[in-house]
Every structure is written in structure tokens, then in C-alpha cells.
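**Q** predicted model and sequence below, questions to follow.
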Amino acid sequence: MRILNVAEKNDAAKNIAEILSGGRINRREGLSKFNKIYEFTYNFGGAHATMVMTSVSGHLLNYEFSPAFKSWHASDPLVLFDAPVSKGVIKDGEPIKETLQREVRRCDRLIIWTDCDREGENIGVEIVNVCREVKPNIEVFRAKFSEITPVAITRAVNQLSVPDYRVSAAVDGRQELDLRIGAAFTRFQTLRLRRVFPRALSNQLISYGSCQFPTLGFVVERFREVDRFIPEPFWRIVVTAEHNGKAVDFQWKRGRLFDQDACKAYYEHLLENRYGQVVEVVKRPKSKLRPVALDTVELEKLATRKLRIGAKAVMQLAERLYTRGFISYPRTETNIFPPNLDLAELVRLQTQDNRWSDFASRILQTGVNPRNGKSTDKAHPPIHPLKAGVGLQGDEARLFELITRHFLGCISADAQGAETLVRLCVGKPSVPDASSRSTLLSSEDGEIFDAKGLVILQSNYLEVYIYDRWVERDMPDFQLGTWLLPTNIEILSGQTSPPPLLTEADLISLMDRHGIGTDATHADHIETIKQRLYVGLEQGKFLVPGQLGMGLVEGYDSMGFEMSKPHLRAELEADLRLICDGRKTKDEVLHRHLDKYKRLFRQAVAQAFHLDRALAVRLEQPAENVSDMTGSIGEISVISGRHSCDTLTSHVTTCPSCSRAVLLKQKRSTQHPLSEVPSNDSNSSSRSDTGRTNSWFLSCTGYPLCRYAVWFPDSVVHVRVIHGVGGPEMCPQCRSSLNPADGSARGPFKLAIRLSPNSRLPNGYHQDDPNKEYVMCIFCDTDVQIALGIRIPQVQTMRPQSPSVNPPDSHESGDPSSASGPAPFSVTNNPSGVPRRSFIPVSMLPIQTMTPAHQTFRFPCSSDFTSRGSTRPAQDIPPVDEDSVVCNCGYQSVLLTVKKPGPNQGRLFYRCAGGEAGTCDFFLWKSPPTADISGPLAASTQQPGSSFPGPEGNLVSSRTPTLAVPNEAPWSTSGLGPSDSGSTVLCRCGEPAKLLRVTKATANQGREFYACPNGRSGGGPSTGCNFFQWADAGGNRTQSTGHPFSLPNSPWSPTRQQQRQTELSASDSAVSLGHVPLWPPPPSAGLRARSTRRGPSTSGRTGSTTGRKCGLCGEPGHIRTRCPRANSVD
């Protein structure tokens, strides 16, 4: 039997392995240099077993947004509340994951040895999930322990349980909420305030956290109390008397008076009646309580107060002491020692330290007597030492000494003493005669003054617990009824003082009292607000809010929110405990709190000017760039309160391929710190400071698994979602025909676009006013699609022969609401005849998208729309500019050169330039600038980079060409066959295909075929487009006619009969009509579309009918599993 054991840290793994093996372990290296592997034999359940012990380094997985949402500038922060998130391996965690998966393949069981708290339980479940990726049926156990000692570890391995998935779910819920809420508000604050205060905050990350802000709120609230405090003067009277040669000060029972005249009247009365009598003498026992058993919160408070060590450093030191076996688990809410814990044995171990050996020996003689508290987490005992602190130095030694002295003091006895109270009544002008001298005075006879004395009888715990002080006060032996003449009567003045500023210990107490964070996270939250410069330290210990922290809290307070108050986070922490108890689910808690914070976010963006005002006062700088702010959609939505209603809802429709949301976004052509991006006038709101455009597009939130996208040309300078009274305005035509009957899909919503000045649409729309907008539905307004060259991706279903929705009739109305055209979705008919959308796995969908050239071009007039194709000589087309190639992140790609020796050395290719969130997997070879680029299909989709006739019949073109071939070679247009005139065959990468010959001994031996020049034998991430075509197959195909602006179902499309013939031909060639040869680029690894089964071919293909034929392409000489076209057939 072979068992994999995984601990949370390497030190813990090493110590546990040494205990279980008796010190006989074999160490070897893992793939992570910080996480070793320890092997030893062990008798597990009566059977011989090989134990493999390794570790992780805390959390192995972490929630993150999909790449489409990692760029701060590409999407509206509001969508982060609903954007898809997934748990991925953390940075530098891949070697640890690979080690676990390598080791678990040879193991029969898995034992989790992570810390026994919420975070440890979640880390354990992460380990289980990673191991089950390669071994789904591995048997999993959970070891529960609170200290790394032989007794505890042996008990844990003999009493194994299973992971608590409810506790892990609570941590997952908290992590997801923190990510979504924190990311949305952090981007909002940072993007806006960097632009509004560029001189002060240009490089500042202005983060938000649902625990950070209440923590900051406590500091600000105490500072406000101190700042607003107005001292008030007071007066009091003190009487001094001597007895047996000892002077004693008696304090006025009235305390202090805030009326000086009244206090002066009492004082003058006492000067006239100076004699007093001892009217009460009380002697009573007094004890000073020993400390309660130590939990995490108390440890942090004590260490910060007594040792002057920050809370964050305290927990780091305690963690190291724990993993080295010096103390028990330091993250506990328990202050009650369990009855089964052998405290006497723990005390006996401390007799080895000379500093407290005598005290520990006396405890063993008198017996242990722990002082317990009232709370327990039923998981870990209070923090206590496990052995003598031999070899410790520095702060580790100081912290261990504090824990040990606290433990010994807790289990000893209270300090005992005797307190004496003497009460004196002053108010007689002289000593009474002997007959009345025995009568005791009362408060009606004069003013009462008290004095207290203390005598310590037994120090007990104070002998070892040096952090407490109990001061003795001598008191003479006053007798009851004794008459005294005070030696001094004086009036003292003073004034009230404000409460002290918070220390870290005070702040931890407030966080614990109000339920902000947990005992394990208090120190982290305090450290975060210090690092963000929200607070600072005064005199090395007092927390003082900074200008930024004060401004943020005051700004949100002026909005009427209680974001700096503890209520919101306390409710969340309570719900997380309910998840642990099984009384609520993770989804319920997520839904409740995300809705709550989403509403707050909307209101915060709408009232963002309050933040500007508050910070302008605190930073002593005027707010800049507020009235005229431009930028990407993410910037606009968080900068301008005026546009918040339009930009906060960028959801446009539901993706037809994966059913996720399709959002309106804007590509940034350059990447700058926000403080460096100047504001522009309203007429150039979509252009950056370099003059290059920031194009708009629609993108699926499922990227990169789903690449559904719709691009607008650069002539569209602004796009927004239309809002009505009830929210976004949905297109009635698309809504009735495209959405599922259950109403699960959202959209499509109408859009309002602004074009470049003086642009025109064929329906008569003229952009004669920069603020004028054209309202339409991008999915059914064919006029706009054709005029702007916008191509809606057509999602092909699993069965191409299934009937499709009939095209609507053509229209001539300029009203966008009545526009008809191609639908953005693939619609099939179910047996009931009700249209329904076909949702197909993304990997099965060859989605055809189109990236625009991002260049400004003139709109054609109505007379420009003719049925003739347009061609253009290749030599007239300028080389492709790298600025026109956009990666999947929405940023400009960079042009690089292959330097590695090989067949591609010296070739140019495009890669992602990388944004704030990293890089995507975008890759594209740079097409040869001299390729033959003309043909009828070049105009069939009207890509913004293509040419079309101008008003006088002249060709008008953008800077970026569209790849095509001569008219007489229609099949070369798609790159799927030779032309009749012998022109070059192009693959789908847009490059000349290479001619190869079959050498394998099959029926096709010696036959020539075309293949992608970028392909590599054996496949891999750089296998090009998988293009394949037999060299002798071009003459048997039906030639299709190219139609300019021919979109499916458009008024300018061919007849339905011609359309069906074209579809059949295109089906044979694996390219649909209107496919632009430059698109799609070579798919990245793991995302290539899978092949789909097709019905019988109707293309009229001729050839040999003898022998076995491929069931995929219909050609003889191979079977479908070895078909060269398996990855190229749509």
C-alpha cells in the first residue's frame, strides 16, 4: 500500500514525517524547490504501507476572472459582479500541482494534513481536487490535530475522518465575494481618482475590501472623536492628613465639579471647618485574577501591547513556532482547556527552563488550576507551549516567552492581598468635647473623603507573569472615631481629555467585537490599510488615518452609505458561519450579498462626485478632468456620473454558442497609466492621445473558450445600450424569434451609435450633429450591417442539413425597429414547430468572427450598392500595418521576428503585447504583403479593410487590405483548391499552400495535395489552420458567383436556389459563403473546433468509387479516424 500525505507547509510535513517514522525518513526533491518529499514506512491499520509526505505552500488555487475581464480598461467594473470566475493554480503553484499529480498516480490513498481551520479545510479540498484530476477514485482521509507532537499526530493518524466540504464551501464563498466586490470597487476608485487627482494619486492603487473599509472606519471614527473633542475644565478638592508619621491623600467623594464657583464655595467652607473624623475603616481581602487561557485575538493584543510587535508579524512568528513544534496551533477561538489535555505533562516540560523552572515545580506540587474563558471553536485548544524554547532567538524567543509565561500564569493561582479603606468626614471647626467625641459624623455633617491602601500577601502568578503589575500602597493603622486635623486642603484644577487614538490591540478588539474578519485575518486587514497609506502610525503605536483614508470614508459617508461601518461585513461573516453549519448554501449567500453590493456600486458610481469633493478637501487639490472625461468603456463608466446609466449595463445579448453574456466593450490601442491619458473633446471621445482609435466591439464573457465577437469599424465613434423606463430596451423582433421559450436569455438590446462627422447611411441617416445617435438592433438591421461592413458570426449547428429560418422580406424603411436581416443565432425547428435556439458545446462550433482593420473609411451612398464585384490589383495595396492586428485581450498586438533556428527563422508574427492583467495566447503569422489580393469574395462581407465603389465609381479603400484572389479562380478565394488559371492556392491562414505528395502505401500513393505551410507533423499548438485539399479536386466543383455585400438573408443576397448551391459548395470546401480568407487565424492549442458528422455529399463530387471511402470527407484511401481533414471540416 502506498499513501500520499500532504501538509500545509514544508516544515509541518517534515516534523510530521519525523514523528511517524521515528526519525527514519528518506528525503528527495519535488518539482518545487520549497516543498520536499519525505518517504518512510509505517504500519497503517495493521498493514505495511509506504508513506509519501509532501506539502503545499498555503492555498494552491485561487479565484480569478476569465482573461476577457482581467483588463481594467476593457469592461465595465459592474459586470465583475456577474462575470465568470474560476479557480486556477496560483502563481508559482504549478510545480506543486505537478508534484502532487505525479505522486498520487502511484498511491492508493490520500491523507490531508492541513491546518484544522476554515482556510486549512479549503486548502485540503483544493489538494483533493488537484489529485482527482489524474486519479478520480483516490480514497481521501482527513487528519485532525491541533499540535505537532507525537501524541497528537499518532492520535490523528489513528482517528482519520473525511474533509468537511461545507467549511470549504464557506471559504469559497468568501473568496468569490471578496474578489468580485473588491475588484469592482477597486477599479472604480482607482480609475476615477487617478484621473481626477493626477498629481497626487497617479500611481496609487486605491483598493477596496469589505473588511478593509470597516477596519479603516474604526480608525477614522476614533480620530474624529479625538479631533472633535472639546476639553472641559473641572475642579476637585484633595485633603492630606498624617498619622503615625505617614502622610495620606484623601480623595473627595464628589469627584470633580465643572462649576468653579461651587467648588470654591466648598473649599472655603472646609478651610473654615478643618477638623475631620475617621468614620469608617474597612479591611477586606483583595485578589488579582490570573490571565484567561490564550486565544488568537488575545495573543495579538498582548504581543502588540507588551512586546511592541505588529499584529501581522506576531502571526507570522507564531506560525513558525507552530510548524517547528514549539507551540500549539496559533489560530484558535478557544480559551477553554479541554479536560483530556494533560496540562501537568506540559508544565513538566517547562521545568527545563531556568527562568521559570522553580515556579513550574511548585505548580506540579500544588496542582494545575487553569482559568478558562467562555468560548470554544471545538477544533483547537488554547495556545500553549509544547516544549522548552531551546535555541530560539530574537522576536521568536520573546513571543515564545510571552506564551509560556501566560500559560504558566493561567494554570497557577490568583495573587492575594488585603485592601484597607479609610473614610474621613471633614466639616467641624474644632474637636468636639469628650461627651460627643464618640459619636460618628455623617455626610450631613461635612464632606466625605476616601483613601485606600493595599498589602500583597501572596504574589502567586505574578512571580512568572511579568507583564502585569500590582502596586502596594501603604496605609497607616487608622482607628475608627479618631479626630484628625488635615495638614493641607487644596483645590486642584484640570480638564477632560479625549479618548486615546487606537492602537493595533484596540483595533483588533473592535474588529473581534463587531465580527469583522476572523481571528486569522485581523492582522492581514490591518496590514493592508497600512500598506495602502490609508492609515499611519503616530509615536510608533497609535493608528492615524491619512488624507486618502479620511477622504474615502468621508466621501462614502456623504453618499449616505455605511460602507465604513461594520454592519455589512458582520452580516456576511454570520452567513459564512451558517454555511459551515449547513443552514445555508454557498449560492444563497453569494446571491444575497452580491445583489446588495451591486446596488451600492450603482449608487456609488452615480454619486461619485461626493468622493471628488471629499478628497479635494483632504488632498488640498482641485478635482481635474471631471467635466470632460473620455476613455474606454471601463473608464467612462467609473469616471462620469452623467453616463453611468448608459454604461453600467453593457450587456447586449446572450451568446448563441455558450449561453453566456455578450458585452459591449472598447479596445484600447495604447496602454498608459491613467494619469498620463489626457482628456479629449467630445468629438474625439473614442481616440487616444496617439491618434489611433479605440474601436468598439461585442465580446462573449466565455472567452477564451468561446470566441464569439462582433466588431464595429472605426467610423463608429461611440456605442451605448439604449435604456428605457424599465431598463435596457430589447429588440422586439429578435426577442420574439430568437429567445428560448423559458425566457432564460437576455437581449438582444438596442444600441445607439454615433458615427464620424458627416457620415451617411444608405437609409438617409446623416451624422450632421456630433451628439446625434442612430438607434438600431445590430443583429437585425441589415442596412447598418452592410453599410458598416459588420459581420454577425453565424453559429453552425451540428447538422448542416437541418432547415434554417426563412429569410425575412427585404425592406426599404429607414426605421431601425423595422429592419430585417440575418439573425445572430442559429435557430432550428423542434417537432412542435416552435423555433428554439440551438446551444452547442463551444468546442463543436466553428464560429466565424471577423477582426476589423480599425481604420476610418467613408460610408457609401445608396447608389453605391450594386450587384457587381470589385477587384483591386495587388500592387496597389499597401503593406499590412501591425497596428491593425488586435489580440484577444482587445489590445494592439506586437510584431516580432522568429529568432530560433529552423524553417521559420526570420518570419514575422503577431503576439499579445500584454496588459495590466498579463497576456493572452494570441498568435498569428504576418501575411506576405505581396499576396494576390483580389476577387469577388473580397467584397462579399465588406470588411472595413476592403474596397467598394465610391460616388463616381472609383474604388474607395481603407488602409488595411482584405485578402482575396482573381475573379477567375473562385475556389482560390477560400484557399480550398487551385484556380483554373493556375493561380496560387491559399490556405485559411491567408498564405500560399504547399504542394505535397502522398508517400504512404495506400490507394492515394503518389497523389498530390495542398496543405497549410505552417503545419508541423505530430500536431501541437503551432499546426496552422490544418488546411487540406487534393490537388486534382478543383475541376469538379461548382463555381459560385460572388455578390458584393452578400450577407445571409440580406436583400442583396443571391436567390434561395443559388444560395443553397453555394452552401453545398461551401460545405464541401469547409468554408461558408462570405468567409474572409484572413479569418479565422490559426486556433490556439486546445481550442480548435472539433469535426462534425455530415450527411451524404450533394456537391456532385466525382472520383473513384471503388474501395473503402472515408466517412468524413468521402475520399478513398483512408478512414475517418485518419482523415487529414478531420480538423478542417466545419
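**A** Everything's here; your move. Residues are numbered from 1 along each chain as shown.

**Q** for Ser430, see how far away Trp483 is.
**A** 10 Å (CB to CB, to the nearest Å). Any C-beta I mention is one placed from the backbone N, CA and C, and that applies to glycine too.

**Q** got any residues that touch both of the two?
**A** Tyr275 (CB atoms under 8 Å, 6 or more residues apart in numbering).

**Q** longest helix anywhere in the chain?
**A** Taking DSSP state H as the criterion, the chain has its longest helix at helix 165-196.

**Q** so which elements touch that one?
**A** strand 61-65, strand 85-89, helix 118-132, helix 567-581, helix 586-606, helix 609-619, helix 633-639 (3 or more CB pairs under 8 Å, 6 or more residues apart in numbering; DSSP states H and E).

**Q** quick one on the thing from earlier: Trp483 and Ser430: who's more crowded?
**A** Trp483 (14 against 10; other CB atoms under 10 Å).

**Q** for the more buried one, list the residues it contacts.
**A** Taking CB under 8 Å, 6+ apart, one finds Tyr275, Gly276, Gln277, Val278, Val431, Arg437 in contact with Trp483.

**Q** gap between the residue minimising distance to the centre of the chain and Ala293?
**A** By CA atoms, centre = their mean, the chain has its centre lying nearest to Leu179, at 3.1 Å. As judged by CB to CB, Leu179 and Ala293 stand 36 Å apart.

**Q** equivalent analysis for Ala451, please.
**A** 37 Å.

**Q** higher neighbour count, these two?
**A** More crowded of Ala451 and Ala293, by other CB under 10 Å: Ala293, with 24 against 20.

**Q** now do the SS call for the residue lying closest to the more buried one once chain neighbours are set aside.
**A** Nearest non-adjacent residue to Ala293, counting by CB to CB, 6 or more residues apart in numbering: Pro382, 3.7 Å away. Using DSSP: H, G, I helix; E, B strand; the rest coil, the structure places Pro382 in coil.

**Q** which residues touch Pro382?
**A** Here Pro382 is in contact with Ala293, Leu294, Asp295, Ser328, Thr332, Thr334, Asn335, Ile336, Phe337 (CB under 8 Å, 6+ apart).

**Q** next one: Glu298
**A** Val292, Asn335.

**Q** so how far is Arg305 from it?
**A** According to CB to CB, Glu298 and Arg305 sit 11 Å apart.

**Q** if we can go back for a sec, now the helix or strand that comes right after the longest helix of the chain: buried residues?
**A** Downstream of helix 165-196, the first helix or strand assigned by DSSP states H and E is helix 198-201. Residues of helix 198-201 classed as buried by neighbour count (16 or more other CB atoms under 10 Å): Pro198, Ala200, Leu201.

**Q** could I get the full set of strands for the stretch 201-350 of the chain?
**A** Per DSSP state E, counting those that start in this stretch, the stretch 201-350 of the chain carries strands over the ranges 233-243, 246-252, 275-288.

**Q** list of residues touching stretch 52-59?
**A** By CB under 8 Å, 6+ apart, the residues outside stretch 52-59 that reach it are 2-10, 12-13, 16-17, 20, 25, 30, 32, 34-40, 90, 93, 96, 99-100, 103, 107, 113-114, 119, 122-123, 126-127.

**Q** for the residue nearest to the centre of the chain, what are its contacts?
**A** Tyr63, Glu64, Phe65, Val85.

**Q** bridge partners for the third one, pull those for me.
**A** Per DSSP bridges, the residues bridged to Phe65 are Val85.

**Q** counting neighbours, what do you get for it?
**A** So Phe65, with other CB under 10 Å, has 20 neighbours.

**Q** start at 46, not 1
**A** In the new count, where the first residue is 46, that last one comes out as Phe110.

**Q** ok, now which ones touch it?
**A** Applying CB under 8 Å, 6+ apart, the residues near Phe110 are Leu125, Ala128, Pro129, Val130, Leu224, Ala228.

**Q** which among those count as buried?
**A** The buried subset of those (16+ other CB under 10 Å) comprises Leu125, Ala128, Val130, Leu224, Ala228.

**Q** for the closest residue to the second one other than its chain neighbours, give its distance to Gly605.
**A** Just to be clear, that refers to Ala128. Excluding the flanking residues, the one nearest Ala128 by CB to CB, 6+ apart is Phe114, at 4.6 Å. Note on Phe114: its distance to Gly605, by CB to CB, is 30 Å.

**Q** quick one: which of the two has more around it?
**A** Counted by other CB under 10 Å, Phe114 and Gly605 do not tie: Phe114 has more neighbours, with 24 against 9.

**Q** so that one sits right up against Phe126, yeah?
**A** No - applying CB atoms under 8 Å as the test, Phe114 and Phe126 come out as separate, 11.0 Å apart.

**Q** domain assignment for the protein?
**A** 47-102+137-208, 218-274+547-664, 278-334+462-540, 341-457, 692-712+739-780+791-836 (the TED database).

**Q** deepest in the core, which of these is it.
**A** Ranked by mean neighbour count, those are led by domain 692-712+739-780+791-836 with a mean of 21 (mean count of other CB atoms under 10 Å).

**Q** low-confidence stretches in the stretch 296-445 of the chain?
**A** The model of the stretch 296-445 of the chain has no residue with pLDDT under 70.

**Q** so where do the helices sit in it?
**A** 305-317, 341-347, 356-368, 388-394, 402-411, 439-455 (DSSP state H, counting those that start in this stretch).

**Q** thanks a lot, catch you later.
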